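*Asks:* for reference, the sequence and a predicted model appear below.
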Amino acid sequence: MTVVRLEGCHTEPLGSYLKGLGVLRIVSDQVDAEAAAAWSEDTLLLRSTLSKDELVEFFLKRYSPLPAVSPWRLGSGFYPGDNRTGIDQILKADDPRFNELKNAIKTVLGWPEFKTNEPLLGPTLTTVENEYRGKQSKKAEEALRLVGTARRVLECLDEQDRKKLEQTPISALKPQQLRANHNLRAALTSRLLNGDTGAAVDAELKLFADVASKLRTEANRLLRSDDGWAIRRARNELSDRALAWVDCAVFLGSSGEPLYPPLVGTGGNEGKLDYSNQFHRLVAEVLTPGDPCAQARSRSLLLNALFGELCSDLVEASAAQFDPGRAGGFNQGPEFETKQPPLNPWDYILALEGAVLWTSGLARRSVRSRDTLLTSPFTVSLAPGAVASLAPGEESNIRAEIWAPIWPRFATCREVSALFREGRIMKGWQPVRNGRDFAEALAALGTDRGLAAFRRYLLAKRRGDSYVALPSGCLTVRAEPATRLLWELDGLLQQLDQFVGRFRDSKPALLVSLRRRLEDSIFEALVAPQAETFTAVLKALGRLERWIGLRDPKRDPKLWRPFWGLSSRWLEAANDGSPEFQLAASLAGLGHRSALGPLRRHWSPVNAGRLPDWDQPGPQLCWQGATAVERMVNALRWRLQNARAISEDELARQQSAVVFAPLAAVAAFIGGRTNLNDFEDLLFGLSLLDWQSVPPAKAGVLFESADAAGEELLLPRAYALLKLFFTPRLPRCLGIEKEFLPPPPSLLPLLAAGRINDAVELARRHLFAAGLNPVRIAFPETGGMLLAAALLFPVKNIRRLAKLVLHEEA
């Protein structure tokens, strides 16, 4: 066995990937059944009995091309006006390697529909009559009227003359030729016109010719629009090798309707390009060279296709959707607009052979759905908002996503075919339907099958009916349990997409942008599952939560219920150690066991119940102000006022928390060393967790390592003193009867006004009254709002703060 490195076959673009599959398939079918291939550094390695030189000689002298024919499509070479250059050259070739392809072409040309370039009168009448019989429409009524008019004339003839006229091409049924038909004129005169001659007969003949012409137009339209008959006949009459292409291009659903896997366009057709017709032309060009120069040119092109060697003499042909760099268009070539850049014929030939391996076994699946993406290997629809670069409305131009598997260990063609045959990824018990689902479910199948990565392609519409396979990243396969955390977003995203879809006139641009950024962050977390990427997902969720919170929940279209229900595992997965995350987590879990409810109620009209639902907008929506600091102070002011009106116990309870902020993070906040935008996005995102289900043991130690001894020394003494009024329970070591000291009503307004020393002096007096002995220190009158906002953060080590500002003896 020899291993040959094919430097011309890479994982990108898609055409190069398919070319590698084509080489493996051809060598396995025609030379060495045990040939195997593997991907190494994005390049294909081929292991077989052929050396490099022997591989080249095989393709040049013995390769038998795929018998690909597409008689169900206009442009395939079998319809009037089609380009038949390739078909004619192949039919003239005497090389036995073309026998199977020639037999397939001859089989199709032998069908009655293709025996003549012009439809015959009798079959045309039958085609139109069968199509419209029993249908109720103006079009059906008119078509059947035309058929009746023609048959009225035919019935005047005896059986022999009638059969002769029915087998006449419609193009020959001109008034002048009809007038020369003496038997027809005599029959019309005696049996239809009651002996009238001359002008009456001429008028009837002209009417008959016009009717026949209209019927020909309608029959041609029906023949080209209804491709089911050609597909069924191809399946019944073509050889097994020819059926491999039929299976690749089209298959029939459970109701007999044609379905088209998106890998090769629409049934092997893309706009004006017919894949099989161009295949015929290019095969004839490289495999039937008539002189030594042409043979040398074919060899040079093959060496370029297989091994990346330099060559010239490329041909003018379409790369189809396989190579976006050769798709043509503005700035896609040496001219201002290059409509069709030159192409290596071998690249196209081998890519089409590889496409057959991709879809091998496809037709053997049970197809019960019209969704061809569910049956095409590793092919899914685009997830809403999955591509941030798309402008609004452009997502409809993405036909599908294709995920090309990359395997690092040698696999035979049989094994690769089995991989594609079973290539419906399952997410849990459900088949994946879009790119996000695919990426989330990838780890299980990838590790089971020994795959290293998947390269993602988007089939995007570029102009007219043409598409191009745009590379869109590569996802490495590894078993990452953390990625299953993203499955929790499925219900939320489904609800969000339904909500976005209910905007009838135009979708809000900001909402669409936020949805895309969320999808992008999810994909990044799947590619690199680490704390930073999971944090980015929470930030994206937070920005969506902010937008929804500003909207009246009663306004149409409605979001049925608030987003909610993420598990506590997000606290571990997204913990990047930043003060922004630590502070946001402490506030997001604040107040869930109080009558006032969580902080989320202050920016979104949700209720304070166990299961969040929409509530009436009211004064509780107090998350307002020019900065995050102002908004925090306003929320704290509202909570103090309303809790005080209920009871002192409620005043203490509303400060109860699930997670506590490390003192170092609070110090960073007071010192202005935190990113408030990130903090607020994380706060909104973390508010979507089910905080009442967070295990206390997990919450209590979440940031314990970040709250090291001595961190309290970083805090201003003013904060340490004031925080004694903003904790639900004072430590018993202070030696006072009260477990909770209610904050003086004027304390917060003094801080907000920048009167820090007045606020501290007020606090000192209340502490003295409670039996404590605070130190007397003067503080700078700056940062009052930051101090006030920082009092909202729940902290755990109150005892360490007390030591900073209380004398040991009262």
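*Replies:* Alright, I've got the coordinates.

*Asks:* from here on, contacts and neighbour counts on C-alpha atoms
*Replies:* Fine.

*Asks:* which residue packs closest to T533, ignoring adjacent ones?
*Replies:* Using CA to CA, 6 or more residues apart in numbering and skipping residues adjacent in sequence, the residue nearest T533 is A525, 4.8 Å away.

*Asks:* quick one: L722 from M1, how far?
*Replies:* L722 is 80 Å from M1, where distance means CA to CA, to the nearest Å.

*Asks:* show me what the helix or strand containing E57 is packed against.
*Replies:* Element membership for E57, per DSSP states H and E: helix 52-61. On a contact count with 3 or more CA pairs under 8 Å, 6 or more residues apart in numbering; DSSP states H and E, helix 52-61 meets helix 292-307.

*Asks:* buried ones in the helix it packs on?
*Replies:* Going by neighbour count (16 or more other CA atoms under 10 Å), the buried part of helix 292-307 is 295, 297-307.

*Asks:* gap between that helix and the chain center?
*Replies:* Distance of helix 292-307 from the chain centroid (CA atoms, centre = their mean, to the nearest Å) equals 39 Å.

*Asks:* same check on stretch 119-129?
*Replies:* On the basis of CA atoms, centre = their mean, stretch 119-129 sits 45 Å off its chain's mean C-alpha point.

*Asks:* tell me the mean pLDDT for that stretch?
*Replies:* Stretch 119-129 shows a mean pLDDT of 82.

*Asks:* number of residues surrounding L310?
*Replies:* By the criterion of other CA atoms under 10 Å, L310 has 10 neighbours.

*Asks:* doesn't it fall inside a strand?
*Replies:* No: counting by DSSP: H, G, I helix; E, B strand; the rest coil, L310 falls outside a strand, being coil.

*Asks:* show me what contacts it?
*Replies:* Neighbouring residues of L310 by CA atoms under 8 Å, 6 or more residues apart in numbering: N304.

*Asks:* distance of it from G549?
*Replies:* L310 is 60 Å from G549, where distance means CA to CA.

*Asks:* before we move on, what about N797?
*Replies:* N797 sits at a distance of 34 Å from G549 (criterion: CA to CA).

*Asks:* more crowded one of the two?
*Replies:* G549 (20 against 17).

*Asks:* apart from its chain neighbours, what residue comes closest to the more buried one?
*Replies:* S604 (4.1 Å).

*Asks:* name the element that neighbour belongs to?
*Replies:* Following DSSP H and E, there is no helix or strand that holds S604.

*Asks:* now do the helices in the stretch 401-550 of the chain.
*Replies:* 413-421, 435-449, 490-501, 509-527, 531-549 (DSSP state H, counting those that start in this stretch).

*Asks:* make a markdown table from those and add mean pLDDT to it.
*Replies:* Listed next are the helices of the stretch 401-550 of the chain as a markdown table, based on pLDDT from 0 to 100:
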| stretch | mean pLDDT |
| --- | --- |
| helix 413-421 | 91 |
| helix 435-449 | 69 |
| helix 490-501 | 90 |
| helix 509-527 | 89 |
| helix 531-549 | 96 |
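
*Asks:* tell me the most buried of these?
*Replies:* Highest mean neighbour count among the helices of the stretch 401-550 of the chain (mean count of other CA atoms under 10 Å): helix 531-549, with a mean of 22.

*Asks:* pLDDT (mean, whole number) over stretch 562-575?
*Replies:* 93.

*Asks:* domain assignment for the protein?
*Replies:* For the chain, automatic domain parsing gives the domain ranges 2-61, 121-226, 359-489, 528-534+542-691, 715-805.

*Asks:* out of these, nearest to R517?
*Replies:* In terms of CA to CA, the element of the domains of the chain nearest to R517 is domain 359-489, at 6.5 Å.

*Asks:* the closest one: end-to-end distance?
*Replies:* 32 Å.

*Asks:* dump the residue contacts of L636.
*Replies:* Each residue near L636 by CA under 8 Å, 6+ apart is listed here: 789, 792.

*Asks:* re the thing from before, check the domains of the chain for me: which has the lowest mean pLDDT.
*Replies:* When those are ranked by mean pLDDT, domain 359-489 comes last with a mean of 76.

*Asks:* wait, A400 sits on L458?
*Replies:* Yes: in terms of CA atoms under 8 Å, A400 counts as a neighbour of L458; the distance is 6.1 Å.

*Asks:* what about the spatially closest residue to L621 that is not a sequence neighbour, how many residues close to it?
*Replies:* Among residues not flanking L621 along the chain, H602 sits closest, at 4.2 Å (CA to CA, 6+ apart). Residues near H602, counting by other CA under 10 Å, number 25.

*Asks:* check contacts around H602.
*Replies:* Applying CA under 8 Å, 6+ apart, the residues near H602 are 620-623, 635.

*Asks:* show me which of those residues is closest to S521.
*Replies:* Among those, and counting by CA to CA, the member closest to S521 is W623, at 26.3 Å.

*Asks:* quick one: the closest one from L636, how far?
*Replies:* Separation of W623 from L636 (CA to CA) stands at 10 Å.

*Asks:* next one: G134
*Replies:* Remark: distance between G134 and L636 (CA to CA) = 75 Å.

*Asks:* before we move on, what about D210?
*Replies:* According to CA to CA, D210 stands 87 Å off from L636.

*Asks:* coming back round to it: correct me if wrong: the residue nearest to T533 contacts E519.
*Replies:* No: counting by CA under 8 Å, A525 stays clear of E519, with 9.9 Å between them.

*Asks:* which elements pack onto the biggest helix by length in the chain?
*Replies:* The helix that spans the most residues within the chain, counting by DSSP state H, is helix 199-225. Packing contacts for helix 199-225, counted by 3+ CA pairs under 8 Å, 6+ apart, involve helix 121-132, helix 138-154, helix 175-179.

*Asks:* now do the second one: which elements does it pack against?
*Replies:* What that stands for is helix 138-154. When contacts are defined as 3+ CA pairs under 8 Å, 6+ apart, helix 138-154 packs onto helix 121-132, helix 199-225.

*Asks:* list the buried residues of that helix.
*Replies:* By 16+ other CA under 10 Å, the buried positions in helix 138-154 come out as 140, 143-144, 146-147, 150, 153-154.

*Asks:* what of the first one?
*Replies:* Buried residues in helix 121-132, counted by 16+ other CA under 10 Å: 121-125, 127-129, 132.

*Asks:* check the shortest one too.
*Replies:* For helix 175-179, the neighbour count (16+ other CA under 10 Å) marks 175, 178-179 as buried.

*Asks:* from those residues, pick the one nearest A752.
*Replies:* Distance to A752 across the buried residues of helix 175-179 (CA to CA) is lowest for P175, with 99.4 Å.
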